[in-house]
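quick one: sequence and predicted model below, then my questions.
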Amino acid sequence: MGKQVRKNQSRKNKRKALGFKTQNIKKHKTTQTKYQNLNKKVHDLLKGLDLDPTKMSIIDNPDQIKMSAVILKIAEPYIKMYWGNEIRVRGIIDLSMMIWNMAYLPKEKQNEIQEQWVEAMLPGDYDAHDVAAMLHLFENLQNRQKDFFPDIRKYIMAHDLKLDNENIHLNISSAPLGEGL
């Protein structure tokens, strides 16, 4: 009787193992499709800038830290604060990516972009309190970037963001920055 129980358990374990393999294959195909779609966006962006995307190598699944996790970590306190308001959550994530890329620009250009962002985001009748709150948000996101990820030197090329009731699905394509930048 003991052998029969072991045989049944062995069959169950084999079925489970086969199920896991099938799930892994499906997940791998989905992941590859995400990267392919994102890489297509990057190729289109590069063509729009009159650059030849065929001369650049794009990594499908880097073994390094994922930029999507980096951006979500930077934006985390604000995402928690505004969870449930899709427009604000999207805005915070977009702002976090913009601030990430701004870090590699000269200070004068950073200030110019901040001013443009404030003017675009706030209505025409904003007051000093609204501007101060927006600048405080900029500063906090910049500090979180410097504190958590001072050694990552990548430029965000494109992203794909989807929100549902419980999850944020963010895929980012990035390129390493050269030493001089």
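On my side now, so go ahead. Numbering: from 1, shown residues only.

which residues of this structure fall in helices?
With helices called from DSSP state H, the chain shows them at 2-48, 67-82, 86-102, 107-121, 128-148.

mean confidence score for the last one?
Spelled out, it's helix 128-148. Here the mean pLDDT over helix 128-148 is 91, rounded to a whole number.

from the contact counts, what lies against that helix?
Helix 128-148 makes packing contacts with helix 67-82, helix 86-102, helix 107-121 when contacts are defined by 3 or more C-beta pairs under 8 Å, 6 or more residues apart in numbering; DSSP states H and E. (Each C-beta comes from the backbone N, C-alpha and C, glycine too.)

and the helices of the chain, which one is worst for confidence?
Lowest mean pLDDT within these: helix 2-48, at a mean of 51.

rewinding a little: would CSV of the helices and strands packed on helix 128-148 with distance to residue 135 and mean neighbour count be doable?
Listed next are the helices and strands packed on helix 128-148 as CSV, based on distance: least, C-beta to C-beta, whole Å; neighbours: other C-beta atoms under 10 Å:
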stretch, distance to residue 135, mean neighbour count
helix 67-82, 14, 18
helix 86-102, 12, 18
helix 107-121, 7, 13
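
so which of the ones you listed gets nearest residue 130?
Nearest of those to residue 130, taken as C-beta to C-beta: helix 107-121 at 8.5 Å.

so that closest one versus helix 128-148, what angle?
Put simply, helix 107-121 runs at 130 degrees to helix 128-148, going by axes from the mean of the first three to the mean of the last three C-alpha atoms, to 10 degrees.

quick one: residues in contact with helix 107-121.
Contacts of helix 107-121 from elsewhere in the structure, counted by C-beta atoms under 8 Å, 6 or more residues apart in numbering, are 91, 95, 98, 102-103, 105, 131, 134-135, 138.

could you do stretch 86-100 as well?
Residues outside stretch 86-100 that contact it (C-beta under 8 Å, 6+ apart) are 70-72, 74-75, 78-79, 82-83, 113, 117, 121, 137-138, 141-142, 145, 156, 159, 161, 163, 168, 170, 172.

let's see that with 6 Å instead.
Outside stretch 86-100, the residues within contact range by C-beta atoms under 6 Å, 6 or more residues apart in numbering are 71, 74-75, 78-79, 82, 141-142, 156, 163.

hang on, the earlier thing: make TSV out of the helices and strands packed on helix 128-148 and add distance to residue 152.
Below are the helices and strands packed on helix 128-148 laid out as TSV (distance: least, C-beta to C-beta, whole Å):
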stretch	distance to residue 152
helix 67-82	6
helix 86-102	9
helix 107-121	18
